[in-house]
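> Sequence and predicted model, in that order:
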Amino acid sequence: MNRFWPIPFVIFIGDGLIHPITLMAILSYGDYSISSYPRQKVVKTSVVLFIYSIILLYLSKTIENLFLPPLFALLGHEYIILQNKMIENNKMPIFTSFDKGVKVLEVLPNTVAHKLGIKTGDIVLKINGAEINSNKDLEDLMNIKINKLRIEFFNMKSGLSVKRYYGKRKSLGLIIVPRDF
């Protein structure tokens, strides 16, 4: 996950007459997640960074020592990064492949899978009665000229679902978790 935010700020320069100059800084954040969905990770990390920012602001406004706030800023930031890496490395990855079916990593918008309500994390088991166990199975099936699809997939919350698609031939729109070979 990478996020970038443009942050404008103004500095004032000049000897006799002070001139404001507007500058732009780019604030960025990068992280990875193998044990939770990216949106969940973003929320958790945002809360941690918000608390860190409040503490840093408090320290910089109340502490007389000029070295403590910058030292806390550097060490606190590195601690957050190290802690996130340790947490991710000690948890079980959620995007692992299964013996049966293929696990969905992402669903592209305006595609058949999106229209049928297939979500990230679902496991596609069969399409038109044919078992799907690899990306090759999906490609082979989608190369056949058919306008009707019967997709069986498993969702952790709602269980086994069977959805049908009739209509104009479109892309299935699934990005799946690759198999270990």
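In hand now; what should we look at? Residues are numbered from 1 along each chain as shown.
> how about the strands in this structure?
Secondary structure of the chain by DSSP state E: the strands cover 2-13, 19-30, 102-107, 123-127, 130-131, 148-155, 159-166, 174-176.
> which stretches of this protein have low pLDDT?
For the chain, residues meeting the criterion pLDDT under 70 lie at 1, 95-98, 180-181.
> max-length helix in it?
Under DSSP state H, the helix in the chain containing the largest number of residues is helix 38-62.
> picking that back up, would you turn the strands of the chain into CSV with mean neighbour count?
In short, each C-beta sits where N, CA and C put it, glycine included. Converted to CSV, the strands of the chain look like this (neighbours: other C-beta atoms under 10 Å):
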stretch, mean neighbour count
strand 2-13, 9
strand 19-30, 9
strand 102-107, 18
strand 123-127, 20
strand 130-131, 12
strand 148-155, 18
strand 159-166, 12
strand 174-176, 19
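> Switch the ones you listed over to JSON lines; also include distance to Glu78.
Shown next, in JSON lines, are the strands of the chain (distance: least, C-beta to C-beta, whole Å):
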{"stretch": "strand 2-13", "distance to Glu78": "19"}
{"stretch": "strand 19-30", "distance to Glu78": "14"}
{"stretch": "strand 102-107", "distance to Glu78": "30"}
{"stretch": "strand 123-127", "distance to Glu78": "38"}
{"stretch": "strand 130-131", "distance to Glu78": "48"}
{"stretch": "strand 148-155", "distance to Glu78": "39"}
{"stretch": "strand 159-166", "distance to Glu78": "44"}
{"stretch": "strand 174-176", "distance to Glu78": "33"}
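> residues making contact with the longest helix of the chain?
For helix 38-62, contacts defined as C-beta atoms under 8 Å, 6 or more residues apart in numbering pick out 1, 29, 31, 33, 36, 68-69, 72-73, 76-77, 80, 84.
> So which of the residues you listed wins on neighbours?
Ser33 (21 neighbours; other C-beta atoms under 10 Å).
> where's the nearest residue to it once chain neighbours are set aside relative to Asp31, distance?
Leaving out its chain neighbours, the residue that sits closest to Ser33 by C-beta to C-beta, 6 or more residues apart in numbering is Lys41, at 3.9 Å. Distance, Lys41 to Asp31, by C-beta to C-beta, to the nearest Å: 7 Å.
> repeat for Pro20
35 Å.
> now swap in Tyr37 and tell me
In terms of C-beta to C-beta, Tyr37 sits 13 Å off from Asp31.
> Over to Ile54?
20 Å.
> Quick check: the gap between the residue nearest to Ser33 and Met86.
Separation of Lys41 from Met86 (C-beta to C-beta): 14 Å.
> okay, these two: which has more neighbours?
Using other C-beta under 10 Å, the more surrounded residue of Lys41 and Met86 is Lys41, with 19 against 10.
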